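Q: Prediction below, plus the sequence it came from.
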Amino acid sequence: MAVAGASPTAGPGPDDAPSSGRDRLRRAATTAVFLGPALVLLGVWVVYPTVRTIVRSFFDRDGSSFVGLDNYESIFTTDTLVTALQNNALWVAIVPAFITAIGLIFAVLTERIRWQVAFRTAVFMPMAISLFAAGVIWRIMLDKDPERGAVNASISAVQDAFGPAGVLERAQPSTPRLRGSTTSGFVLATPIRAGDHALLGLTAIPPAQVPPDATQAAVPRAGPGAVTGAVWRDFRPGGGRPGVVERGEQGIPGATVELREGDRVVATTTTQDDGGFRFEDVGGGTYRVAIAKETFAAPFTGVSWLGPKLITPSVMFAYIWVWAGFSMVIIAAGLSSISREVLEAARTDGATEWQVFRRVTAPMLAPVLSVVFITMIINVLKVFDIILSVAPASSQDDANVIALAMWRTSFGGVNDFGLGSAIAVFLLLLVLPVLALNIRRFRREQ
Amino acid sequence: MAARIGAATRRAPLQILLAVVALLWLVPTIGLFLTSLMPPDLISAEGWWKIFSQPSLATFDNYRAVFDDQDLMTALWTTVQIAVGNTVLLVLVSAMAGYAFAWLPFPGRDPLFVVVIALLVVPLQTALIPIFSLYQTTGLFDTVLGLVLFHTAFGLPFGIFLMRNFFIGIPKDLLESARIDGASELTIFFRLVLPLGLPAIASLAIFQFLWTWNDLLVALTFGRETQPITVAVFTQLRQFGGNIELIAPASFISLAIPLAVFFAFQRYFAQGLLAGSVK
């Protein structure tokens, strides 16, 4: 994808001028003026340090004694470094493929809309922002607290719409007749028929957790064909008798109560402010009554995106957000160079849009796709800034990657230049295949 | 007409889908901006979307605090120096070298260019440790010049590659006739080649400006007092939570300038990407 156009063989050959000694000297001087600054900079800042780093990697932390391959062995035996290798492997396996696919999808879809420039600008914009600032942006977006982090706030809104939080967070049955747990719900072991009372007493509820509109607990009067009962806080200052609704004990409003026949739930209802509930027109069979687990559904406290478990996927997500625009722009340029006539011809022959894409567009795009993919592999191997800004200090060990490990080992407190050099050389080795690929491509163009 | 409406409605789902995607892509940046407008006492308790329901909350107090913060202002100025200095130096050095590789015959030209291409992918991590030691002994450590030289050297392989490939497309006759007229190579370069190369130079300049403006790694390694804005914000970020009223506006300022450059020169930026996607 170099700037295409001119043939690279156009330079004047060395044979076009019969040159005298002075002439040659002047030409050498000219060349030195043009090339000198670049060669000095590349020599001193790129080539020399690279050689130096390779040599340094065989010496210990202060460079005083030769240690052979010990530093390289440490890369594979030090815990944080092994994590870095594993994470980087994940990065390479997941991120370039995602970025290429998203870029392809966006490039193809935007071909069909009028406002493609606006769309592409929006998606491309993060490319101008530093990866570090992009990381700050996502650190704010991914905050665990749904009051502050937009991502968790969105999840919280969706979850509230489908299953609101329960009225209690935890509780225990007050008698052995009530069995189960807050995660499965509590079932009353006693079989219940129409006309019976079902007393579902709970204890171990912190006073602060009793819903504010709770009143003195009461059991609704029994009636023919009805099952009545109460869910209440079976505790009052001084104790009280378990399993009996007494003065001073509060009902639990808003609890979900199920009427079950065998394992099947035949009816559900919600308790009143006094904890009372009533199932009308119950048939002749025997039933069980249960406090449903929804009563104890925990309120959403936020996914810990920046915690140790999810930090790597979170950083990857932010990274994809940044680089999708790059992929889209490159692929869109490749797409626009595909001849319209070829596509039209395929359509005229009766190919469906999908067939045109599979059989014509995709194969013609293959070289562009591979360029994007390879570029992203190199970038992903060197990922650094965005991890420092997305991951809080507490998760940085879990988000570690090779480039970050290299920096932390060399400059971030450990100050082991031997091991740091070995990690840098390891990184260099990983990009060598791409280096070979570039040279081969250049040779072919010649 | 009816057919056109039909086509438009058939595309409606696609339009809506893409509109949602574009919006999702914009939301995080907008979120940072709105966060920076939250009053300092609310910023760590409330999400930025509260501003939609209470627009009166928005305030520029945080920005005032940033502009009053001497350290951050110094950092901003340092960033400008590094980015501009590096961009000018890099463009000049790579254009000259690119011209030499394209049009000056010298022995070993092609093998040398292969070396340049090989250096394209060398990770700058490979150079950090030796240059760190070198800077310590030469006094370049913690200086703007030290950072500029490092960035320039690592920008060169791409710069030379880009300029050489562009210059090689200049018609040979143009250069030959200038030579016959007796113009020196330097005259040809500054009068003829550089003006012709402006599109490529613009791409390279924008690319490099954004790259150095956005750098964290190099400045973090070779600077202590010489801090660009990324490092200054990073220092604040280490105590994240308490001082987000400083981090959010400072981050937004640090990305507003690249964004402005991006919107002003979007075309050249995209061209640079296309040319450089072997990097």
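A: Looks like it came in fine.
Q: low pLDDT regions in the stretch 201-350 of chain A?
A: Along the stretch 201-350 of chain A, segments meeting pLDDT under 70 span A:239.
Q: What parts of it come near chain B?
A: A:321, A:324, A:326, A:329, A:330, A:333 (Cβ under 8 Å from any Cβ of the partner chain). To be clear about C-beta, it is placed using only N, CA and C from the backbone, and glycine gets the same treatment.
Q: how does chain A divide into domains?
A: Per the record, chain A has its domains at A:42-76+A:416-446, A:78-164+A:300-395, A:172-296, by automatic domain parsing.
Q: TSV for the ones you listed, including distance to residue B:149 and mean neighbour count?
A: Output for the domains of chain A, formatted as TSV (distance: least, Cβ to Cβ, whole Å; neighbours: other Cβ atoms under 10 Å in any protein chain shown):
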stretch	distance to residue B:149	mean neighbour count
domain A:42-76+A:416-446	6	17
domain A:78-164+A:300-395	21	19
domain A:172-296	63	17
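Q: among the residues of the stretch 201-350 of chain A next to chain B, which are in helices?
A: A:321, A:324, A:326, A:329, A:330, A:333 (DSSP state H).
Q: in the stretch 1-150 of chain A, which segments are predicted with low confidence?
A: Using pLDDT under 70, the flagged stretches of the stretch 1-150 of chain A are A:1-19.
Q: those helices in it, which residues are they?
A: Taking DSSP state H, counting those that start in this stretch, the helices of the stretch 1-150 of chain A run over residues A:21-42, A:48-56, A:70-77, A:79-110, A:116-124, A:131-141, A:150-162.
Q: likewise the stretch 51-200 of chain B?
A: Using DSSP H, counting those that start in this stretch, helices in the stretch 51-200 of chain B cover B:61-68, B:70-103, B:109-119, B:125-138, B:144-167, B:172-180, B:185-187, B:194-196, B:198-213.
Q: how about the third one: buried residues?
A: Along helix B:109-119, these residues count as buried under the neighbour rule (16 or more other Cβ atoms under 10 Å in any protein chain shown): B:109, B:113, B:116, B:117, B:118, B:119.
Q: Which residue, other than its chain neighbours, is closest to the fifth one?
A: This points to residue B:118. In space, not counting the residues next to it along the chain, residue B:118 is nearest to residue A:435; the distance is 5.4 Å by Cβ to Cβ, 6 or more residues apart in numbering or on different chains.
Q: can you give me the mean pLDDT across the helix or strand containing that neighbour?
A: Element membership for residue A:435, per DSSP states H and E: helix A:417-445. Averaged across helix A:417-445, the pLDDT comes to 88.
Q: Which other helices and strands does it contact?
A: helix A:48-56, helix A:70-77, helix A:362-381, helix A:402-411, helix B:109-119, helix B:125-138 (3 or more Cβ pairs under 8 Å, 6 or more residues apart in numbering or on different chains; DSSP states H and E).
Q: least reliable of these going by mean pLDDT?
A: helix A:362-381 (a mean of 87).
Q: okay, the angle between that one and helix A:79-110?
A: 150 degrees (axes from the mean of the first three to the mean of the last three Cα atoms, to 10 degrees).
Q: So what touches whatever helix or strand comes next after helix A:362-381?
A: Proceeding N to C from helix A:362-381, the next assigned helix or strand is helix A:385-390, under DSSP H and E. Outside helix A:385-390, the residues within contact range by Cβ atoms under 8 Å, 6 or more residues apart in numbering or on different chains are A:130-136, A:138-139, A:142, A:306, A:311, A:314-315, A:318-319, A:322, A:396, A:399-401, A:404, B:216-217, B:230, B:234, B:237.
Q: on that earlier part again, please identify the deepest-packed of the helices of the stretch 51-200 of chain B.
A: helix B:144-167 (a mean of 24; mean count of other Cβ atoms under 10 Å in any protein chain shown).
Q: Quick one: distance of that one to the chain centre.
A: Mean-position distance between helix B:144-167 and its chain equals 13 Å (Cα atoms, centre = their mean, to the nearest Å).
Q: So for it, mean pLDDT?
A: Here helix B:144-167 scores 92 as its mean pLDDT.
Q: Would you mind extracting the C-alpha trace of that helix into CSV?
A: This file holds the C-alpha atoms of helix B:144-167, laid out as CSV (Å, rounded to 0.1, in the frame of the first residue of the first chain):
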residue,chain,number,x,y,z
VAL,B,144,13.1,18.8,24.9
LEU,B,145,16.0,18.3,22.5
GLY,B,146,16.6,14.7,23.7
LEU,B,147,12.9,13.8,23.2
VAL,B,148,12.8,15.5,19.8
LEU,B,149,15.9,13.6,18.6
PHE,B,150,14.5,10.3,19.7
HIS,B,151,11.2,10.8,18.1
THR,B,152,12.8,12.0,14.9
ALA,B,153,15.1,9.0,14.6
PHE,B,154,12.2,6.6,15.1
GLY,B,155,10.0,8.5,12.7
LEU,B,156,12.7,8.5,10.0
PRO,B,157,12.2,5.0,8.5
PHE,B,158,8.6,5.8,7.8
GLY,B,159,9.4,9.4,6.7
ILE,B,160,12.1,8.3,4.3
PHE,B,161,10.0,5.5,2.9
LEU,B,162,7.1,7.9,2.3
MET,B,163,9.1,10.7,0.8
ARG,B,164,11.2,8.5,-1.4
ASN,B,165,8.2,6.8,-2.9
PHE,B,166,6.6,10.1,-3.6
PHE,B,167,9.7,11.8,-5.1
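Q: Give me the helices and strands touching that helix, please.
A: helix A:21-42, helix B:70-103, helix B:109-119, helix B:125-138, helix B:198-213, helix B:217-222, helix B:266-276.
Q: rewinding a little: in a markdown table, list the helices of the stretch 1-150 of chain A along with distance to residue B:79.
A: Listed next are these as a markdown table, based on distance: least, Cβ to Cβ, whole Å:
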| stretch | distance to residue B:79 |
| --- | --- |
| helix A:21-42 | 22 |
| helix A:48-56 | 24 |
| helix A:70-77 | 34 |
| helix A:79-110 | 28 |
| helix A:116-124 | 23 |
| helix A:131-141 | 12 |
| helix A:150-162 | 28 |
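Q: Following the record's annotation, map out the domains of chain B.
A: B:2-59, B:64-276.
Q: got any ranges where the stretch 151-279 of chain B has weak pLDDT?
A: Residues of the stretch 151-279 of chain B that meet the criterion pLDDT under 70 lie in B:239-242, B:273-279.
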